[in-house]
Every structure is written in C-alpha cells, then in structure tokens.
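# Predicted model follows, preceded by the sequence.
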Amino acid sequence: MRPTPADPEAWNAYLAEGNATQARKRVSADVLLRDEQGRVLLVKPTYKPGWDLPGGMAEANEAPDDAARRELKEELGLDVTLHGLLVVDWVPAHGPWDDQLAFIFDGGMLTGEQAAALRPHDSELAEARLVPTEEAIGALRERLRDRFRAAIATCMASAPRYLHDGGTIV
C-alpha cells in the first residue's frame, strides 16, 4: 500500500524515493552586461577555449539568478542587480554532457567606474573585455552566439525567449 500524507514520515520517504529517480538538469546562468557605449562584456575562461558571457554553472539547489550573481561576484568582483530574464535555452545532450537549461539575465549597464575596474578576480578567467555587439557575435561559440543574439533581440522586446538548442524559438 502506498503511503499517504496522513503519515508524514512515510509520505516524505516515498516522495524522496521518487525524487531520487527523476532526471537532473545542468543549469548555466549568464549575464548580459553593457556599458554606456553599448559594448557588451565578454570573458575568456582559462578552462575552455574561446570567449563567453560572464556567469557560470549553478550549484545544487541554487536558483539560476543567484548562480549568476554569485559567479559575477566570484569571477569579476561585480555586485549587480539583475533586471529580468532574457533567454532560457534548452540545450540537448552533447559530447559527454547531459542536457542543460541555459539562462541569460539582463545585468543592465555598467557604470564607467565598474567598466574601468573590470578584471578577473579568480583563476577561472584569463581576461574580461567590453566589445561591440558585432565583435561579440564573432567571438562566441555557435551555440552561445545564437543564445546571445536572442538575448540582444529580447532587450528590445517585451518578453523573454524560450529556445531549443539556441536556434529554434518555440
């Protein structure tokens, strides 16, 4: 017989067993930050090739927006207020990686002081650079490039975008 909420201990054990068999998703949380000239912030990780948006992977049971703020603080020393969600992209399994939910949040505008002080604060980043949007598009990997384009377009729109693998807007 299946337990019921009338027996909270047995009910919670039953729910925990079901939870343990459910799929887990990797979650990345990046931030689109711009300066007063309209340039966007890119970072160069030390642990993978190419350029990236600032942000990173969420830890277990960490909300995506909290992960984005934490990563900015750890890697760049930036304490920003997020201005909303721009993109959620479901990324299918690829290579050794399971599928993932990739978020991009709007970090708004960096002040001139913040922009002038940009530098990596830990060993995960080799460089941080403000670049024109077109240069960013050319520097980002294909999957992230599509997500970035959608985030830029969403800045002009009224609602976040939901994507499948960066390209197909659902």
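Thanks, I have it. Residues are numbered from 1 along each chain as shown.
# for Ala58, phi and psi?
Note on Ala58: its backbone torsions stand at phi -70, psi 150 [degrees, to the nearest 10].
# Would you confirm that it contacts Ala29?
Yes: using CB atoms under 8 Å, Ala58 is in contact with Ala29, at 5.8 Å. The C-beta positions use only the backbone N, C-alpha and C, and glycine is treated the same way.
# so what sits against both of those two?
64, 67 (CB atoms under 8 Å, 6 or more residues apart in numbering).
# Just list what the longest helix belonging to the chain packs against, helices and strands only.
In the chain, with assignment by DSSP state H, the single longest helix is helix 142-156. Contact analysis of helix 142-156 by 3 or more CB pairs under 8 Å, 6 or more residues apart in numbering; DSSP states H and E lists strand 26-34, strand 85-91, strand 100-109, helix 133-139, strand 161-164 as its packing neighbours.
# In this structure, which residue is most central in space?
Centroid check for the chain by CA atoms, centre = their mean gives Ala29 as the closest residue, at 1.7 Å.
# how close does that residue sit to Gly50?
Computed with CB to CB, to the nearest Å, the distance linking Ala29 and Gly50 is 19 Å.
# which outside residues touch stretch 132-149?
Residues outside stretch 132-149 that contact it (CB under 8 Å, 6+ apart): 32, 38-40, 42, 50-53, 87, 89, 91, 102, 104, 131, 152, 163, 165-167.
# Fine, thanks again, bye for now.
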